[in-house]
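J.: Sharing a model that was predicted from the sequence below.
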Amino acid sequence: AEAMKVVADGFSINSMNMRNAQNGRVLWESGTWGREMFEQEMDAHVPRSILACKAVSREINFTSMSEMKAFRLVQKVFFQGMVMEEWRFDFGFVIPGSTNSWQQVIKAADEMMDPELLSGNITIETSFFDGASFIAKSLVRIFYDDGAREPSPGALAGGAACGAVV
């Protein structure tokens, strides 16, 4: 348990962006994040146009002061408190004292719910692990806006429910 606290204390998400996976156009970029992203629910404002993408590319830039043998994350999308979708992503080995970029492409579901219904009613829980050992968790409430805005400081923004996790 103490070893995982050291890993957690040395782990940070530096930035994130989301792109239209078909043309590479940046749809959203994060602001500066801090430790509060792991301590409280955050809000993220994502452009509603992301819901029209057939696939979204998400890039996470993170730093780890500790070695991780099997870094991974599990993301759950909740709609009004009920799990709608769950994704698992494996990064693998992380060199101690390194900064890394991690990109995933997520395909959209065939059917999308109304952005007005989704906005503010979607939360994305992201849990970070080294193998089976828990590192940290973030919870972000998603708001779909007409234009992109920076998230609240510390937000690990997720994206569209219904298939396009971001």
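T.: Nice, thanks for sending it over. Source: prediction; values computed, not measured.
J.: hmm, who's touching the lengthiest helix in the chain?
T.: Scanning the chain for the longest helix, with DSSP state H as the assignment, gives helix 2-9. With contact meaning CB atoms under 8 Å, 6 or more residues apart in numbering, helix 2-9 is reached by 38, 64-66, 68, 130, 133-136. Placement of C-beta: from N, CA and C, glycine included.
J.: Please work out the average pLDDT along that helix.
T.: In this model, helix 2-9 has an average pLDDT of 91.
J.: Tell me the gap between it and the middle of its chain.
T.: Mean-position distance between helix 2-9 and its chain equals 21 Å (CA atoms, centre = their mean, to the nearest Å).
J.: Could you look up the next helix or strand downstream of it?
T.: strand 11-20 (DSSP states H and E).
J.: ok, then the element right after that next one?
T.: Defined by DSSP H and E, the subsequent element after strand 11-20 is strand 26-29.
J.: how about that following strand as CSV, C-alpha atoms only?
T.: What follows is strand 26-29 as a C-alpha-only set of coordinates in CSV (Å, rounded to 0.1, in the frame of the first residue of the first chain):
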residue,chain,number,x,y,z
VAL,A,26,-8.2,19.4,-32.6
LEU,A,27,-11.6,19.7,-31.1
TRP,A,28,-10.6,20.3,-27.5
GLU,A,29,-7.5,20.9,-25.5
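J.: Figure out how far it is from the centre of its chain.
T.: How far strand 26-29 lies from its chain's middle: 13 Å, per CA atoms, centre = their mean.
J.: other SSEs contacting that strand?
T.: Where contact means 3 or more CB pairs under 8 Å, 6 or more residues apart in numbering; DSSP states H and E, strand 26-29 is packed against strand 11-20, strand 42-47.
J.: Could you spell out the sheet neighbours of the shortest one, each with its direction?
T.: In the sheet containing strand 42-47, its partner strands are strand 133-145 (parallel), by DSSP bridges.
J.: Just give me how far the partner strand sits from the chain centre.
T.: Using CA atoms, centre = their mean, the offset of strand 133-145 from its chain centre is 6 Å.
J.: quick one, the longest helix of the chain and strand 133-145 angle?
T.: Angle between the axes of helix 2-9 and strand 133-145 is 30 degrees (criterion: axes from the mean of the first three to the mean of the last three CA atoms, to 10 degrees).
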